[in-house]
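J.: with the sequence up front, the predicted model follows.
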Amino acid sequence: MSDADKPLNKKDQKRLDEKRGKGAGKDYVPFIKVGEFSSSGESVRVKSTTVGRIHHLFSGNELAAFLVFVVA
């Protein structure tokens with residue numbers, strides 16, 4: 001069975017039903033948010049001044065890239 005034929009788990013199906021991962025700009029809602037799973041690593045929520053929404057970043061590398069591309 002290929003991955004495309006496998007059924008989605010209940011959490012992912014609920015996220016799709018909530019229209020997560022869709023939209024553009026300020027109306028975009030991330031598919032996975034920072035507070036939805038436990039982690040001992042770094043996670044950051046940053047409000048973008050250009051887009052006007054909160055970005056959910058899951059690592060220091062994502063934060064560094066975000067700051068490079070937004071500030072540049």
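T.: In hand now; what should we look at? Residues are numbered from 1 along each chain as shown.

J.: list the contacts for the residue most central in space within the chain?
T.: Nearest residue to the geometric centre of the chain (Cα atoms, centre = their mean): Pro30, 3.8 Å. Shown in contact with Pro30 (Cβ atoms under 8 Å, 6 or more residues apart in numbering): Arg20, Gly21, His55, His56. Backbone N, C-alpha and C define where each C-beta goes, glycine included.

J.: can you tell me which of those residues end up in strands?
T.: Among the contacts of Pro30, the members falling in strands (DSSP state E) are His55, His56.

J.: any of the contacts of Pro30 buried? List them.
T.: Arg20, His55, His56 (16 or more other Cβ atoms under 10 Å).

J.: tell me the one of the contacts of Pro30 nearest Leu63?
T.: His55 (9.2 Å; Cβ to Cβ).

J.: picking up where we left off before, how much space separates the residue nearest to the centre of the chain from Ser2?
T.: According to Cβ to Cβ, to the nearest Å, Pro30 stands 27 Å off from Ser2.

J.: again with Asp12
T.: Taking Cβ to Cβ, one finds Asp12 at 17 Å from Ser2.

J.: cool, Arg53 as well?
T.: Taken as Cβ to Cβ, the span from Arg53 to Ser2 is 35 Å.

J.: now Ala65
T.: Ala65 is 32 Å from Ser2, by Cβ to Cβ.

J.: residue contacts, Ala4?
T.: No contacts exist for Ala4 under Cβ under 8 Å, 6+ apart.

J.: now it, what's its secondary structure?
T.: When classified by DSSP: H, G, I helix; E, B strand; the rest coil, Ala4 comes out as helix.

J.: which helix is the longest one in the chain?
T.: helix 60-71 (DSSP state H).

J.: tell me what it is packed against?
T.: Judged by 3 or more Cβ pairs under 8 Å, 6 or more residues apart in numbering; DSSP states H and E, helix 60-71 is in contact with strand 44-47, strand 54-57.
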